[in-house]
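# show me the folded form of this:
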Amino acid sequence: MTQEKRIIKKYPNRRLYDTATSCYITLEDVKKLVLDHVDIQVVDAKSSEDLTRSVLLQIILEEEAGGMPLFTYDVLTQIIRFYGNAMQGMLGSYLEKNLQMFSQMQDRLKEQTKQIYGENPVPSANLWNEFLKFQAPAMQGMMSSYLEQSTNMFVDMQQQMQERTRNLFTGFGFPQAMPGDEKTKE
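Numbering: from 1, shown residues only. All right, here's what the predicted structure looks like:
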């Protein structure tokens, strides 16, 4: 059973109204809802247009501007270059799956931390450094697994693109096997 999304209305004066609590909220409040895993939908109060993505991007922009940015110049320019590219649709799916895998890896690390240091360890840089030193082999294993899964996803996407290309150009008499197919099946 899927949970209904929490509706937030955005008014022309740029104020956000949470229909669940019947009060105005800030972007910081929306960020907290996202961090608390609450499914939200931001809609224009007049037109009912879905503004969720633009509000989430605004939160990301504010996060990037203050403190330590997540995206480097190179990452941002690469993302921009993918817009309009034939692979644009696949990049979104690829990034989404990679973020899911990375999140799972982070959850495993949290679970290992709890097993070693208890339910509520005192957060400190020394404790984290000690944990990482102790867990270096496990971390390497998880990162290797993550990279392998990421590579496999990319190979799968490549194969899907090849299959779509074959289906698209079936009338041109191309050979059934394309160069490189035997390499990706190994």
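
# contacting residues around the closest residue to residue 161 other than its chain neighbours?
Nearest residue to residue 161, sequence neighbours excluded (C-beta to C-beta, 6 or more residues apart in numbering): residue 90, at 7.2 Å. Using the backbone N, CA and C atoms, a C-beta is placed for each residue, glycine as well. Going by C-beta atoms under 8 Å, 6 or more residues apart in numbering, residue 90 touches 157, 160-161.

# from these, list just the buried residues.
residue 157 (16 or more other C-beta atoms under 10 Å).

# nearest to residue 25 among the contacts of residue 90?
residue 157 (38.3 Å; C-beta to C-beta).

# adding pLDDT, distance to residue 63 and secondary structure, write the contacts of residue 90 out as JSON lines.
Formatted as JSON lines, the contacts of residue 90 follow (pLDDT from 0 to 100; distance: C-beta to C-beta, whole Å; DSSP: H, G, I helix; E, B strand; the rest coil):
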{"residue": "157", "pLDDT": "74", "distance to residue 63": "28", "secondary structure": "helix"}
{"residue": "160", "pLDDT": "78", "distance to residue 63": "33", "secondary structure": "helix"}
{"residue": "161", "pLDDT": "73", "distance to residue 63": "33", "secondary structure": "helix"}
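
# next, format the contacts of residue 90 as CSV and append distance to residue 150.
Listed next are those as CSV, based on distance: C-beta to C-beta, whole Å:
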residue, distance to residue 150
157, 11
160, 16
161, 17
